[in-house]
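Trainee: take a look and give me a structure for this.
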Amino acid sequence: MAQLADEKLRLSIEKEAKRIEEDAEYSGKGHYNACSSWSRRHLWIGIPAAVLAALASGSAFKDFSLVAGILAILSTGFGTVATFLNPSRKSESHKSSGDQFLALRNQTRLFREVELPQMDNLGVATERIKEFAKKRDQLNAISPSIPNSAYRDAKEAIEAGESLHRADVGKGC
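Mentor: Numbers count the residues shown, from 1 in each chain. The predicted structure follows:
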């Protein structure tokens, strides 16, 4: 009877580990997609601001004050947008969250596939899975929101098998 209860508990722990892995994978990939999007915005806004500022400076020295003024206004506009949106910081924040979610996925998978089958003490296993669940909840609480488009792209990529390892699809390494 106790053996049956232990086996049921072991299966529940394994099932919860798989849920955490899945959550962490989708969140991690979504954050990486958001990171990439904000990184591109940083360049789209920053490069024109720098080029316009350089052209404004050059125009001012050539006595084209009207052109210099217009270019300076445009450069300032791009700079203001960059300051307001802060795409560089948002990109870094999403990258950090993506890294942490994928680290959680990897740790949970290692626990499920390597450690759990060898554990006789299911009390320890229960505590470990609670730690993983708590870490996932903490990451969800402190991470920036994933834009819908980044999540959709992550979901498509994962469902297309982009995040599978060769070991997981039977091709070996």
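Trainee: can you give me the neighbour number for residue 147?
Mentor: 15 (other CB atoms under 10 Å). To be clear about C-beta, it is placed using only N, CA and C from the backbone, and glycine gets the same treatment.
Trainee: hang on, it packs against residue 38?
Mentor: No. The pair residue 147 / residue 38 is not scored as a contact, 9.3 Å apart, by CB atoms under 8 Å.
Trainee: pull up the overlap in contacts between these two.
Mentor: The overlap between the contact sets of residue 147 and residue 38 (CB atoms under 8 Å, 6 or more residues apart in numbering) is empty.
Trainee: what's stretch 90-100 in contact with?
Mentor: By CB under 8 Å, 6+ apart, stretch 90-100 touches 27-32, 34-36, 38-39, 42, 139, 142-144, 146.
Trainee: which pLDDT value goes with residue 162?
Mentor: Per-residue confidence at residue 162 stands at 87 (pLDDT).
Trainee: start the count at 528, not 1, going forward
Mentor: OK, 528 is where the count begins now, so the last one is residue 689.
Trainee: so which residues of the protein form helices?
Mentor: Applying DSSP state H to the chain gives helices spanning 529-588, 592-612, 614-637, 649-669, 675-686.
Trainee: okay, now residue 678: neighbour count?
Mentor: So residue 678, with other CB under 10 Å, has 18 neighbours.
Trainee: go ahead and confirm it touches residue 559.
Mentor: No. Residue 678 is beyond contact range of residue 559, at 11.3 Å (criterion: CB under 8 Å).
Trainee: apart from its chain neighbours, what residue comes closest to residue 543?
Mentor: Excluding the flanking residues, the one nearest residue 543 by CB to CB, 6 or more residues apart in numbering is residue 656, at 5.3 Å.
Trainee: got a list of what that neighbour touches?
Mentor: Residue 656 touches 540, 543-544, 547, 638, counting by CB under 8 Å, 6+ apart.
Trainee: quick check: it vs residue 642, distance?
Mentor: 11 Å (CB to CB, to the nearest Å).
Trainee: likewise residue 653?
Mentor: Taking CB to CB, one finds residue 653 at 13 Å from residue 642.
Trainee: lovely, talk soon.
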